[in-house]
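Chemist: sequence and computational prediction follow.
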Amino acid sequence: MSKTLFDKVWDTHVVKKVNNGPDVLFIDRHMVHEVTSPVAFLGLKNRKLSVLYPNKTFATADHNTPTINQHLPVKDSLSANQLKTLERNSKNFGISFWGLGHKKNGIVHVIGPEYGITLPGATIVCGDSHTSTHGAFGAIAFGIGTSEVEMVLSTQCIMQVKPKKMRINVNGKMGKGVTPKDIALFIISRLSTSGATGFFVEYSGSVFTEMSMEGRMTVCNLSIEMGARGGMIAPDDKTFEYIKNREFTPKDKNWSNSMKYWKTLYSDEDSKFDKEYYFDANEIEPMITFGTNPGMGISITKGIPSIKNNGEGSISYKKSLNYMGYSEGDEMIGKKIDFVFLGSCTNGRIEDFRAFAKIIKGKKKNPDVTAWLVPGSHKVLESIKEEGILNILNESGFELREPGCSACLAMNDDKIPIGKYAVSTSNRNFEGRQGPGARTILASPLVAAAAAITGQITDPRTLF
Amino acid sequence: MAYDKFNILKSRAVPLKIENVDTDQIIPARFLKAVERVGFGDNLFRDWRYDQKGKLKNDFILNNSLYEGKILVGGKNFGSGSSREHAAWAIYDYGFRCVISSFFADIFKNNCMNIGVLPVQVSESFLQKIFKNIELNPKSNFEVNLLEQKVSIIDTKEFELFEINPYKKENLLNGFDDIDYLINLKDQISAFANKTPF
Ligand code: SF4
């Protein structure tokens, strides 16, 4: 029987099918961070259970960490306690822990691929919804809740009803100034934030085969923002080239054995999807959001759409525009901004810093803009230095911070103040996501760079 | 953690007539620093309930003494965004045992069921009937019957059946969780693990 990529990976991981119930799914890789794990470890202790396969679990500190002076003790006592708790739990349960200051430390979804923890055809979970990022390698990767973290720690399995399957095809050429972030924001604007709820998505088409691994990660990362459990892209030579010789990638005979499995990972020609969409990349422009969910996105050159009075969702729509201080019909270009955030597991990789540098090179940061540039990991930070990007940033008046989630969720001190506008390369523009009262405008690293230079929403295509 | 059994819940309901309520609203990230599952109810809908100075906002539904109950009724696409189970904990800790909406985000729905909060998905038209009923009479009661998979508006005797995975239903009725189930599969799991490639 013909199968989709998703079916192939899922079916190889089913330990047991429960009658009328979910499948018991075996998990190959489990990533853990400080925020969603403490109660899970506490649960293990209360039930007197151990971690079944400690070498399949990897812990990092990222959500609740400062992005300056990481060598000093963490000032906030609650945060410090949470970080200590993860360190202690990792030690007690025999899990490898890459804490603050460790050279492999970074955002959980950035370091997974960097060290070959993320592999094609694997099942990967983490107590974080953007686990979908790892799907870029042809893995089934999805976010889970804390009860499920406890489940995976204690049994290496999770109970899941098999989601439905969706394929999103994007063909054509990506235009000047259009990045993987724009492709994703475009798709979300068409499907809405709940358009893929209940589905697992496969991205297919020339746009994705031509895309770099970093770009694929950005796209898969944002799958959750249209409600999907995850997104994946069939592995190809680019994928294998990327993972080869990384620390945790299979070696020698294990590599060739794995390769046999990996080569089978694509959707068979006549395989069936429950839903399928087709988009043309030629029609996609640099995107920007104007509201308080990632589905409220438009081409940067367009105005804010109007909504029918009292139509479905009109109360929420108006509430959203009111929060943003915008009106129907407003042009986005030219709107003043106060902050720029480059970073997160969506756009905190080296390619994103290259893109940012391309725009700002030889120009000066706008004095009215506060810019937070936060690498996704120490490895990214190192590359920024090695490639000379740091110099370019410094010459233009930008500073670099230390790795972490930072203003993506504003658990640490990196909070956008009330009422201020931030152009952010992260993934969520929810009310208060970047700090109470903060107004977030999601965009690509190119749009973020353009805004950092001009102090207002600017079409990046006018700057290069 | 095993939780209280869920069977029949008869209660008034609190109407939250907003769509796309995301988990960042249910519990903002800055309240996720705890290492134990205590006190999350205090910060449920924190930034909608309190202003910047910590004063109650009178126009928010949870602050209106007219409304109370163990059932929270939310607009379409409830619980999207972050996977934080803290959102479900906050709802539970505040005193809700059931959330009714016309559409739920996946992870949120799973999280609820894993801690004993029942997510009930009804049609958009039935959801509007519920809202209407509370509007007309804030004291009106509703009944959620898990065994019969039925939610009823007591005043009008209208009802709708809802779907739930039979395995999850069994768990909720008995107060079991998935770990109880998985622990019993230990041998099968380790046999499987020996065959896996990574
Ligand atoms: S960068 Fe943002 S989205 Fe990514 S893991 Fe951190 S908090 Fe979550």
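Modeler: The structure has been received and is ready for your questions.
Chemist: so, low pLDDT: which residues of chain B?
Modeler: Applying pLDDT under 70 to chain B flags the ranges B:1-2.
Chemist: where do the strands sit along it?
Modeler: Under the criterion DSSP state E, strands of chain B are mapped to B:8-11, B:13-16, B:71-74, B:98-101, B:118-121, B:142-145, B:150-153, B:158-161.
Chemist: next, format the ones you listed as a markdown table and append mean neighbour count and distance to A:Gly112.
Modeler: All C-beta atoms are positioned from the backbone trio N, CA, C, and that covers glycine. Shown next, in a markdown table, are the strands of chain B (neighbours: other C-beta atoms under 10 Å in any protein chain shown; distance: least, C-beta to C-beta, whole Å):
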| stretch | mean neighbour count | distance to A:Gly112 |
| --- | --- | --- |
| strand B:8-11 | 15 | 41 |
| strand B:13-16 | 23 | 36 |
| strand B:71-74 | 26 | 33 |
| strand B:98-101 | 25 | 32 |
| strand B:118-121 | 22 | 30 |
| strand B:142-145 | 20 | 40 |
| strand B:150-153 | 19 | 41 |
| strand B:158-161 | 15 | 42 |
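Chemist: so which of these comes closest to A:Val447?
Modeler: Nearest of the strands of chain B to A:Val447, taken as C-beta to C-beta: strand B:71-74 at 33.0 Å.
Chemist: which ones are touching A:Glu283?
Modeler: A:Gly172 (C-beta atoms under 8 Å, 6 or more residues apart in numbering or on different chains).
Chemist: quick check: the residue of chain A nearest chain B.
Modeler: As assessed by C-beta to the nearest C-beta, chain B sits closest to A:Gly21 within chain A, at 2.8 Å.
Chemist: look up how far A:Lys244 lies from that residue.
Modeler: In this view, A:Gly21 and A:Lys244 are 39 Å apart by C-beta to C-beta, to the nearest Å.
Chemist: who has more neighbours out of the two?
Modeler: A:Gly21 (18 against 12; other C-beta atoms under 10 Å in any protein chain shown).
Chemist: where do the helices sit along chain B?
Modeler: Per DSSP state H, chain B carries helices over the ranges B:23-26, B:46-49, B:86-94, B:106-115, B:124-136, B:166-174, B:178-183, B:186-195.
Chemist: what's the closest of the ones you listed to A:Arg88?
Modeler: helix B:86-94 (20.6 Å).
Chemist: hang on, the residue of chain A closest to chain B in a helix?
Modeler: No. The assignment for A:Gly21 (DSSP: H, G, I helix; E, B strand; the rest coil) gives coil, which keeps it out of a helix.
Chemist: so how far is A:Gln160 from the residue nearest to it when sequence neighbours are not counted?
Modeler: Spatially, and ignoring its direct neighbours in sequence, A:Gly21 is nearest to B:Tyr167 (2.8 Å; C-beta to C-beta, 6 or more residues apart in numbering or on different chains). According to C-beta to C-beta, B:Tyr167 and A:Gln160 sit 11 Å apart.
Chemist: so where do the helices sit in the stretch 351-464 of chain A?
Modeler: A:378-386, A:389-395, A:445-454 (DSSP state H, counting those that start in this stretch).
Chemist: my error: substitute the stretch 151-300 of chain A in the last question.
Modeler: Counting by DSSP H, counting those that start in this stretch, the helices of the stretch 151-300 of chain A are A:180-191, A:206-210, A:213-221, A:237-243, A:252-262.
Chemist: near chain B, which residues of the stretch 151-300 of chain A?
Modeler: Contact residues (C-beta under 8 Å from any C-beta of the partner chain) of the stretch 151-300 of chain A with chain B: A:151, A:154-159, A:161, A:163, A:193-194, A:197-198, A:224, A:227, A:229, A:250, A:254, A:257-258, A:261, A:293.
Chemist: is the helix or strand hosting A:Cys345 in proximity to chain B?
Modeler: Assigning secondary structure by DSSP states H and E places A:Cys345 in helix A:344-347. No. Remark: helix A:344-347 sits outside contact range of chain B, by C-beta under 8 Å from any C-beta, the gap being at least 12.6 Å.
Chemist: elements contacting that helix?
Modeler: helix A:108-114, helix A:213-221 (3 or more C-beta pairs under 8 Å, 6 or more residues apart in numbering or on different chains; DSSP states H and E).
Chemist: report the contact partners of the residue in chain B positioned nearest to the ligand.
Modeler: The nearest approach of chain B to the ligand comes at B:Ser82, 7.3 Å away (C-beta to the nearest ligand atom). Taking C-beta under 8 Å, 6+ apart, we find B:Ser82 in contact with A:Asp128, A:Ser129, A:Leu409, A:Arg428, B:Asp22, B:Thr23, B:Asp24, B:Ala29.
Chemist: just those residues now: which is nearest A:Thr454?
Modeler: A:Arg428 (24.5 Å).
Chemist: which ones are touching the closest one?
Modeler: A:Glu225, A:Pro294, A:Cys408, A:Leu409, A:Thr440, A:Leu442, B:Asp22, B:Asp24, B:Gly81, B:Ser82.
Chemist: and the pLDDT for it?
Modeler: Note on A:Arg428: pLDDT of 97.
Chemist: count the neighbours of the closest residue to A:Phe290 other than its chain neighbours for me.
Modeler: Leaving aside its chain neighbours, A:Phe290 sits nearest to A:Ile304 (4.9 Å; criterion: C-beta to C-beta, 6+ apart). Neighbour count of A:Ile304, defined by other C-beta under 10 Å: 18.
Chemist: try A:Lys336
Modeler: The burial count for A:Lys336: 12, using other C-beta under 10 Å.
Chemist: report the separation between whichever residue of chain B sits closest to chain A and A:Val24.
Modeler: Of all residues in chain B, B:Tyr167 sits closest to chain A, at 2.8 Å by C-beta to the nearest C-beta. From B:Tyr167 across to A:Val24, the span is 11 Å (C-beta to C-beta).
Chemist: try B:Gln128
Modeler: Counting by C-beta to C-beta, the gap from B:Gln128 to A:Val24 is 39 Å.
Chemist: show me which of those two is the more surrounded one.
Modeler: Per other C-beta under 10 Å, whichever of B:Gln128 and A:Val24 has more neighbours is A:Val24, with 23 against 14.
Chemist: helix, strand or coil for that one?
Modeler: Applying three-state DSSP: A:Val24 is strand.
Chemist: what is the burial count for the nearest residue to A:Pro375 once chain neighbours are set aside?
Modeler: Of all residues not flanking A:Pro375 in the chain, A:Leu381 sits nearest, at 4.3 Å (C-beta to C-beta, 6+ apart). Residues within reach of A:Leu381, counting by other C-beta under 10 Å, total 22.
Chemist: contact residues of chain A facing the ligand?
Modeler: Contacts of chain A with the ligand, taken as C-beta under 6 Å from any ligand atom, map to A:62-63, A:107-109, A:128, A:130, A:344-345, A:405, A:408-409, A:426-427.
Chemist: out of the residues of the stretch 151-300 of chain A next to chain B, which end up buried?
Modeler: A:151, A:154-159, A:163, A:193-194, A:197-198, A:224, A:227, A:229, A:250, A:258, A:293 (16 or more other C-beta atoms under 10 Å in any protein chain shown).
Chemist: now do the contacts for the residue nearest to A:Phe290.
Modeler: A:Phe290, A:Ile298, A:Leu321, A:Tyr326, A:Ser327, A:Glu328, A:Gly329, A:Asp330, A:Met332.
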